[in-house]
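Asks: fold the following for me, if possible:
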Amino acid sequence: MKWSSDDLARTLTALRVRRGDTTSVEVKRAAGGVPSMPETVCAFANMPDGGTIILGVDEAQGAFEVTGLADVAAVEAGIAAQAREAVTPSPQIVPQEFTVDGRQVLVIHVVPLRLADKPATCRGQAYLRQSDGDYVMHPHELRMLDVTRLHADERVDYDLKPAVGAGVEDLVPELVQGYLRAVRERDRRLRDRSDAEILRRTSVLTASGEPTLAGLYALGDYPQGLFPALTVTAAVQVRGGEGQPRNRNLEDFTGPVPLMLEELMDWVRQNLGTEQVYRADGHMERQAELPLTAIRELLANALVHRDLGPDTLGAGKSIQVRLDGRKLLIQSPGGLRGVSLAQLESDDHAQAAVNQRLYQIAKKLTTSDGASVIEGEGGGIREVFQATESRGLDRPVLIDTGVQFSALVWRPRVEAAPHRPEAPVEVAERPAAGSTPTAVPHSSSPTRHEAEVLSALVRRGASSLQDLASASRLTERQVRYALRLPLEEGLVEMLGGQGRRDTRYRLADG
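Replies: You can find the predicted model right below:
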């Protein structure tokens with residue numbers, strides 16, 4: 001992967017917005033020489049698309065300030081030595097040197113190992129990336145790598161395996177009849193076949209009449225009885241005591257794929273904030289703060305393309321949906337198969353089904369509103385990007401670690417405004433079905449100077465009380481009072497101790 005100066009500039013801008021490293025990028029100041037990072041090199045070598053290390057940039061307080069390197073050659077040689085001597089097998093690294101504002105920055109791309117050579121290990125441990133850090137791979141993830149290697153030579157169709165213990169009576173009759181009608185409408189070769197033959201030929205049932213895993217998951221009344229990991233869990237994450245996250249509106253979703261998709265979308269609607277927008281006819285209406293078409297596409301993909309092998313389904317790995325103050329996260333067991341992340345994000349037609357039979361069945365299923373579960377045209381992810389861009393939102397982030405796939409959709413940023421953001425970190429308890437979601441009521445009203453102080457934090461990042469007073473043209477006492485409610489609600493974090501001159505404040509990162 002070859003970078004340009006524009007690539008580096010865009011990446012640093014994105015990191016400043018995120019206020020931290022990412023799954024594919026690690027930043028180090030390297031002021032004291034060569035940083036020790038063989039675990040990071042190892043983790044990037046095991047990622048499907050590798051990863052990039054940027055040296056000569058200080059990430060402190062999310063500023064990502066270019067500080068430069070005193071001796072680029074020495075740092076490059078040091079990282080190369082770590083890759084060669086501490087990581088087995090040794091991955092290839094591709095260094096590039098850039099000059100930014102007169103300072104030298106070193107960008108090193110770690111090329112992923114061939115699937116046959118994975119996993120790379122460091123001191124006997126295999127690593128992967130998660131969020132902005134490295135972690136030791138779990139045993140089930142190492143087994144998934146073994147299975148992935150097998151898939152490269154000999155495909156294992158887990159969705160085709162019989163759901164032992166289930167029968168045709170475990171399928172939902174209404175869903176089965178709708179599926180049969182759709183098959184007859186779309187496939188001329190099966191139009192005149194019997195119901196039983198269609199179900200067998202399309203892999204809903206085995207030759208002996210048992211539902212396949214795909215058939216039970218797509219059309220079964222309660223597939224989670226045999227396979228508990230097919231449950232989807234969703235929760236709103238808010239800050240609890242001592243800044244630790246806790247869950248609200250936690251809910252488990254069960255049943256066949258179309259029902260879970262429909263109920264998950266209801267949960268998202270009820271827990272997202274709303275905003276007022278003008279329609280083309282000049283009238284104003286309320287809409288969800290995130291484009292629901294994009295969320296539906298990502299949820300459907302997670303349901304249909306999740307790994308169904310024994311090292312995820314058998315290990316209890318389920319789909320997780322989490323909503324916090326910054327983003328909606330959809331996390332699905334298993335990585336991409338037959339398509340790269342770059343292809344998926346490109347404008348080209350990219351299509352590859354992890355579960356071929358389930359995918360074909362889902363294309364013929366609809367939710368109660370008549371919408372297809374999966375369109376099957378391979379352009380859904382492109383539409384996700386277009387929908388968020390049209391709303392002025394940050395570009396969603398897709399992360400493939402090879403053993404897990406995550407989609408992050410960013411909520412609207414907190415901008416300087418004369419009023420409080422409509423969708424704060426805390427979300428109201430789940431309202432009754434059909435009602436409009438509202439922000440949690442404040443224990444007291446925001447002070448009249450709160451907007452100025454939050455605006456200063458948006459512009460300046462982490463700041464002291466004195467700096468905020470200067471930037472907002474308020475007294476320190478006024479700033480302290482204006483920060484009381486945002487600190488109480490977790491909208492702002494305190495870095496340091498009460499009353500200390502070096503204490504700084506920053507917007508919470510969710």
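
Asks: would you mind measuring from residue 508 to residue 306?
Replies: 31 Å (Cβ to Cβ, to the nearest Å). Yep, even glycine has a C-beta here, placed from its N, CA and C like the rest.

Asks: what about the two, which has more around it?
Replies: Neighbour count, other Cβ atoms under 10 Å: between residue 508 and residue 306, residue 306 has more, with 26 against 18.

Asks: is it true that the more buried one touches residue 330?
Replies: No - assessed by Cβ atoms under 8 Å, residue 306 is found out of contact with residue 330, at 10.5 Å.

Asks: now for those two: what residues contact both?
Replies: Common contact partners of residue 306 and residue 330 (Cβ atoms under 8 Å, 6 or more residues apart in numbering): residue 319.

Asks: for whichever strand or helix holds residue 13, buried residues please.
Replies: According to DSSP states H and E, residue 13 maps onto helix 5-18. Under the neighbour-count criterion of 16 or more other Cβ atoms under 10 Å, helix 5-18 has 8, 11-12, 15, 18 buried.

Asks: what's that helix in contact with?
Replies: 21-22, 25, 27, 52, 54, 57, 59, 62-64, 66, 98, 100, 105, 107, 394, 413.

Asks: residue 336 is in contact with residue 344, isn't it?
Replies: Yes - counting by Cβ under 8 Å, residue 336 touches residue 344, with 6.8 Å between them.

Asks: for residue 450, what are its contacts?
Replies: By Cβ under 8 Å, 6+ apart, residue 450 lies in contact with 420, 482-483, 485-486.

Asks: which one of these is nearest residue 146?
Replies: The shortest approach to residue 146 among the contacts of residue 450 belongs to residue 486, at 49.0 Å (Cβ to Cβ).

Asks: look up phi and psi at the closest one.
Replies: Taking degrees, to the nearest 10, you get phi -60, psi -40 for the backbone angles of residue 486.

Asks: what about it, neighbour count?
Replies: Using other Cβ under 10 Å, residue 486 is surrounded by 23 other residues.

Asks: distance of it relative to residue 34?
Replies: Counting by Cβ to Cβ - residue 486 and residue 34 are separated by 41 Å.

Asks: ditto for residue 185
Replies: Computed as Cβ to Cβ, the residue 185 to residue 34 distance reads 64 Å.

Asks: have a look at the two and say which one is more surrounded.
Replies: For residue 185 and residue 34, the more surrounded residue by other Cβ under 10 Å is residue 34, and the numbers stand at 18 against 10.

Asks: assumed the more buried one was part of a helix.
Replies: No - counting by DSSP: H, G, I helix; E, B strand; the rest coil, residue 34 falls outside a helix, being coil.

Asks: that one and residue 322: what is the separation?
Replies: 37 Å.

Asks: ok, residue 329 next?
Replies: For residue 329, the distance to residue 322 (Cβ to Cβ) stands at 4 Å.

Asks: I'd say residue 42 and residue 118 touch.
Replies: No - the pair residue 42 / residue 118 is not scored as a contact, 10.6 Å apart, by Cβ under 8 Å.

Asks: which parts of the stretch 401-510 of the chain are strands?
Replies: 404-410, 463-464, 492-495, 504-507 (DSSP state E, counting those that start in this stretch).

Asks: the last one packs against which elements?
Replies: When you say that, I think you mean strand 504-507. On a contact count with 3 or more Cβ pairs under 8 Å, 6 or more residues apart in numbering; DSSP states H and E, strand 504-507 meets helix 450-460, strand 463-464, strand 492-495.

Asks: confidence-wise, which of those is weakest overall?
Replies: Comparing mean pLDDT across the helices and strands packed on strand 504-507, the weakest is helix 450-460, with a mean of 78.

Asks: phi, psi for the residue with the largest distance to the centre of the chain please.
Replies: Distance from the C-alpha centroid of the chain, by Cα atoms, centre = their mean, peaks at residue 192 (43.9 Å). Backbone geometry at residue 192, expressed as degrees, to the nearest 10, gives phi -100, psi 10.

Asks: repeat that for residue 364.
Replies: Backbone torsions for residue 364, taken as degrees, to the nearest 10, come to phi -100, psi 10.

Asks: what sits against the residue nearest to it when sequence neighbours are not counted?
Replies: Leaving aside its sequence neighbours, residue 364 sits nearest to residue 182 (Cβ to Cβ, 6 or more residues apart in numbering; 3.8 Å). By Cβ under 8 Å, 6+ apart, residue 182 lies in contact with 364-366.

Asks: hmm, residue 265 and residue 292 touching each other?
Replies: Yes - using Cβ under 8 Å as the test, residue 292 is close enough to residue 265 to be in contact (6.9 Å).

Asks: more crowded one of these two?
Replies: More crowded of residue 292 and residue 265, by other Cβ under 10 Å: residue 265, with 18 against 14.

Asks: for residue 321, see how far away residue 477 is.
Replies: 43 Å.

Asks: between these two, which one's more packed in?
Replies: Neighbours were counted for residue 477 and for residue 321 using other Cβ under 10 Å; residue 321 has more, 24 against 10.

Asks: looking at the strand or helix carrying the more buried one now, give me its mean pLDDT.
Replies: According to DSSP H and E, residue 321 maps onto strand 319-323. Averaging pLDDT along strand 319-323 gives 96.

Asks: ok, and what's touching it?
Replies: The contact list for strand 319-323 (Cβ under 8 Å, 6+ apart) reads 232-237, 264, 267-268, 271-272, 299, 302-303, 306, 328-333, 427.

Asks: other SSEs contacting whatever helix or strand comes next after it?
Replies: Next along the chain after strand 319-323, taking DSSP H and E as the criterion, comes strand 327-333. Judged by 3+ Cβ pairs under 8 Å, 6+ apart, strand 327-333 is in contact with helix 292-305, strand 319-323, strand 404-410.

Asks: domains for the protein, by residue range?
Replies: The chain breaks down into these domains under automatic domain parsing: 5-114, 229-410, 450-507.

Asks: kindly check the end-to-end length of the first one for me.
Replies: Right, domain 5-114. End-to-end distance for domain 5-114, by Cα to Cα, to the nearest Å: 28 Å.

Asks: pull the distance from that domain to the chain's centre.
Replies: 23 Å (Cα atoms, centre = their mean, to the nearest Å).

Asks: same question for the second one.
Replies: For domain 229-410, the separation from the chain centroid amounts to 9 Å (computed by Cα atoms, centre = their mean).
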